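Student: Sequence plus predicted model, see below.
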Amino acid sequence: MGASSDAWVSQGEELYKKRIERYLPFEYKCIQASKSNQQNLVLADESKWLLQQCEATPTKLILLDEKGPQLTSVHFSKRFENWRQGSHKRLVFVIGSAYGFDPKVYDRADELLGLSAMTLPHQLCRLMMLEQLYRACTILRGESYHHT
């Protein structure tokens with residue numbers, strides 16, 4: 001949700017976006033946070049926008065959610081490669097709001113993925129996910145970024 005307010009996070013996001021783009025077509029979007037302070041309205045606004053994003057192109061929707069399995073980087077890279085080899089034109093990873101996701105989004109989701117058992121700020125989740133996508137790309141290419 002929303003753009004990062006801390007410069008170091010924005011710099012990290014830019015760094016990993018550029019690195020990922022060397023490996024695959026990549027688009028990064030942050031939606032504007034809802035102006036409402038009512039949970040049901042926030043979730044409805046986010047749901048509407050997100051589901052519209054998934055309509056035009058066959059999309060595999062993966063929600064970053066505390067209920068999802070947590071994977072090692074190597075296991076994530078293998079899953080990432082399997083997802084990319086599937087029949088979907090796009091993979092979409094989504095970090096929910098502080099309220100999580102609307103039930104309609106859960107219904108539409110293809111998979112859940114957990115980043116951490118800990119509660120993390122959105123800006124750190126975004127940065128961590130970008131780093132893990134980059135790491136997956138390097139693992140799949142056998143490059144030395146990831147040390148086992």
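Tutor: That came through fine.
Student: Just give the nearest non-adjacent residue to residue 9, would you?
Tutor: Using Cβ to Cβ, 6 or more residues apart in numbering and skipping residues adjacent in sequence, the residue nearest residue 9 is residue 123, 4.6 Å away. C-betas here are computed from N, CA, C, even on glycine.
Student: Name the residues of the host helix or strand of the one you found that are buried.
Tutor: For residue 123, the host element (DSSP states H and E) is helix 122-140. Along helix 122-140, these residues count as buried under the neighbour rule (16 or more other Cβ atoms under 10 Å): 122-140.
Student: tell me what that helix is packed against?
Tutor: Contact partners of helix 122-140 among helices and strands, from 3 or more Cβ pairs under 8 Å, 6 or more residues apart in numbering; DSSP states H and E: helix 7-21, helix 73-85, strand 90-95.
Student: What residues of the second one count as buried?
Tutor: Within helix 73-85, the residues that qualify as buried are 76-77, 79-80, counting by 16+ other Cβ under 10 Å.
Student: so can I have TSV of the helices and strands packed on helix 122-140 showing distance to residue 52?
Tutor: TSV is the format used below for the helices and strands packed on helix 122-140 (distance: least, Cβ to Cβ, whole Å):
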stretch	distance to residue 52
helix 7-21	23
helix 73-85	21
strand 90-95	12
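Student: Now render the ones you listed as CSV, adding mean pLDDT.
Tutor: Formatted as CSV, the entries for those read as follows, by pLDDT from 0 to 100:
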stretch, mean pLDDT
helix 7-21, 95
helix 73-85, 95
strand 90-95, 92
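Student: circling back to that earlier point, look up how far residue 13 lies from the residue nearest to residue 9.
Tutor: Plainly put, residue 123 is 8 Å away from residue 13 if you go by Cβ to Cβ, to the nearest Å.
Student: ditto for residue 86
Tutor: Look at residue 86 and residue 13: by Cβ to Cβ, they are 26 Å apart.
Student: For the residue nearest the centre of the chain, give the beta-bridge partners.
Tutor: When the chain is reduced to its mean C-alpha position, the closest residue under Cα atoms, centre = their mean turns out to be residue 93, at 3.0 Å. Using DSSP bridges, the beta-bridge partners of residue 93 come out as residue 62.
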